[in-house]
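**Q** everything below, folded, please.
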Amino acid sequence: MGKNGRYNRKKIVRKLFGSLKDFGAIFFVVIFLPYMIYICIYGIKNPVSFFTTEKKTNNDTYVIVEGKIGKEKIPLEEYLIGALAASIDIQYQDEVLKAQAVLLRTKLEYQKQKKKNGKWTNSDTQYISNASQAYLGIYDMQQQYGKEFSSTYERLKTIVNETEHIYLVSNGVPIEGAFCAVSAGSTRSGNEVFETKKYPYLQPVICENDVMDKNYCKDYYFTWDEIEKKMEEYEENADEQDTAENRTESKQQSIEITKTDSTGYAVQVQVGNTRVPGEMFRELFRLNSSHMELEELEDEIRIRTKGIGHGFGMSQHMAQCLAEKDYDFIEILSFFFADTEIEKE
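**A** Below you'll find the predicted structure:
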């Protein structure tokens, strides 16, 4: 071929190797480097989830989270870390957080398993919406915990791992994993409030320590104009039939708790000529609790609440008091939920 032919072949080979080097550099930056960063942050427990949103195993469960960049599918056990961070004071002891992790998983199991022909069954892959549950993503936790993010994340991850696949059942069926921050001195009966026999495990439990919580009582003040605006908002969003059924002939500027449960929580409040369910009233006026007292002052209404949350299930504050007495998370859950058993997948 001659000198020029050999030179051209060498030139082509050098060019080819140069292209391969460029491709290798691109592969390292685009694929391998992010993967290594991910491993450094989250460990190598499940590296395949970095590349794909679905694992090729049976009975997988993903939670659908509506984030800043749209909907995201997160494996249940991974999701629980962010849900735990958003739903409880993480200064509480580990055993309290473990009890909370079990209740969060139980709530998801309750959603996941659908009753069909009298039997509770699982399909291969489940997708659950977290619309009713607060959640903190990685970025949110970084912003909230700052320099403490890494240690806090690892602690929450360990707590979730130590309770992995554990949830509560009643008669073999996952329960509603209810919890509140602070009760009004006792938790509530689900059967009494909802007039059903579906919640034998939601029974009143005395929580004497809750009255010592610094946020146990809170006062709210509303003018009549503010109350009327809230009621207009409620009536606009309420079902027309429900609103009509809940109207009475009472005077407009009046407010009264017309029905309470046995633990003192408001079940029904009448404002003017409209009746409002107690928990709906709490949400409408952004109150700590529906365990409340109303007082008409000269130009406004004072609402004094006791406790924080709906009052059902586990009181997190009382759970902390139990943990300080060396209760473990199973004993804490047993304290609040009668007739339940621990189940593990």
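**Q** only C-alpha atoms from now on, for both contacts and neighbour counts.
**A** OK.
**Q** for the protein, what helix or strand is lowest in average pLDDT?
**A** Lowest on mean pLDDT, DSSP states H and E among the helices and strands of the chain sits strand 114-116, with a mean of 47.
**Q** Leu294 belongs to a helix?
**A** No. Per DSSP: H, G, I helix; E, B strand; the rest coil, Leu294 lies outside any helix segment and is strand.
**Q** give me the domain ranges for this structure.
**A** Using automatic domain parsing, the domain ranges for the chain come out as 60-211+312-344, 217-306.
**Q** deepest in the core, which of these is it.
**A** Mean neighbour count (mean count of other C-alpha atoms under 10 Å) peaks for domain 60-211+312-344 among the domains of the chain, with a mean of 18.
**Q** for that one, measure first residue to last.
**A** 15 Å (C-alpha to C-alpha, to the nearest Å).
**Q** what's the spacing between it and its chain's center?
**A** In this view, domain 60-211+312-344 has its centroid 7 Å away from the chain centroid, taken as C-alpha atoms, centre = their mean, to the nearest Å.
**Q** again, but for stretch 208-222
**A** That offset, for stretch 208-222, works out to 23 Å (C-alpha atoms, centre = their mean).
**Q** swap in stretch 298-305?
**A** Mean-position distance between stretch 298-305 and its chain equals 31 Å (C-alpha atoms, centre = their mean).
**Q** and the helices in the stretch 51-200 of the chain?
**A** For the stretch 51-200 of the chain, the helices defined by DSSP state H, counting those that start in this stretch cover 76-87, 94-112, 138-145, 149-162, 190-194.
**Q** my guess is Tyr220 meets Glu296, correct?
**A** No. Contact criterion C-alpha atoms under 8 Å: Tyr220 and Glu296 do not qualify, at 11.9 Å.
**Q** overlap in contacts, these two.
**A** Arg302 (C-alpha atoms under 8 Å, 6 or more residues apart in numbering).
**Q** just the pLDDT at Gly2, thanks.
**A** What the model reports as pLDDT for Gly2 is 56.
**Q** whoops, Ser289 was the one
**A** Confidence score, pLDDT, at Ser289: 98.
**Q** ok, it touching Ile303?
**A** No. When contacts are counted by C-alpha under 8 Å, Ser289 is not listed as touching Ile303 (10.3 Å).
**Q** quick one, what contacts the residue nearest the centre of the chain?
**A** Residue closest to the average C-alpha location in the chain (C-alpha atoms, centre = their mean): Gln133, at 3.1 Å. By C-alpha under 8 Å, 6+ apart, Gln133 lies in contact with Ala83.
**Q** same deal with Leu84?
**A** So Leu84 contacts 97, 100-101, 104, 135, 156 (C-alpha under 8 Å, 6+ apart).
**Q** nearest to Asp326, of these?
**A** The closest of the contacts of Leu84 to Asp326 turns out to be Leu97 (C-alpha to C-alpha; 13.9 Å).
**Q** what's the spacing between the spatially closest residue to Phe336 that is not a sequence neighbour and Asp89?
**A** With C-alpha to C-alpha, 6 or more residues apart in numbering as the criterion, Phe336 has its nearest non-adjacent residue at 5.6 Å, and that residue is Met314. In this view, Met314 and Asp89 are 14 Å apart by C-alpha to C-alpha.
**Q** what of Thr187?
**A** Relative to Asp89, and taking C-alpha to C-alpha, Thr187 is found at 19 Å.
**Q** over to Ile159?
**A** 14 Å.
**Q** same question, Asp328
**A** 18 Å.
**Q** thought Lys198 was touching Glu176?
**A** No. If you go by C-alpha under 8 Å, Lys198 and Glu176 don't touch, sitting 10.0 Å apart.
**Q** now do the contacts for Tyr153.
**A** So Tyr153 contacts Ile81 (C-alpha under 8 Å, 6+ apart).
**Q** where does it land on pLDDT?
**A** 97.
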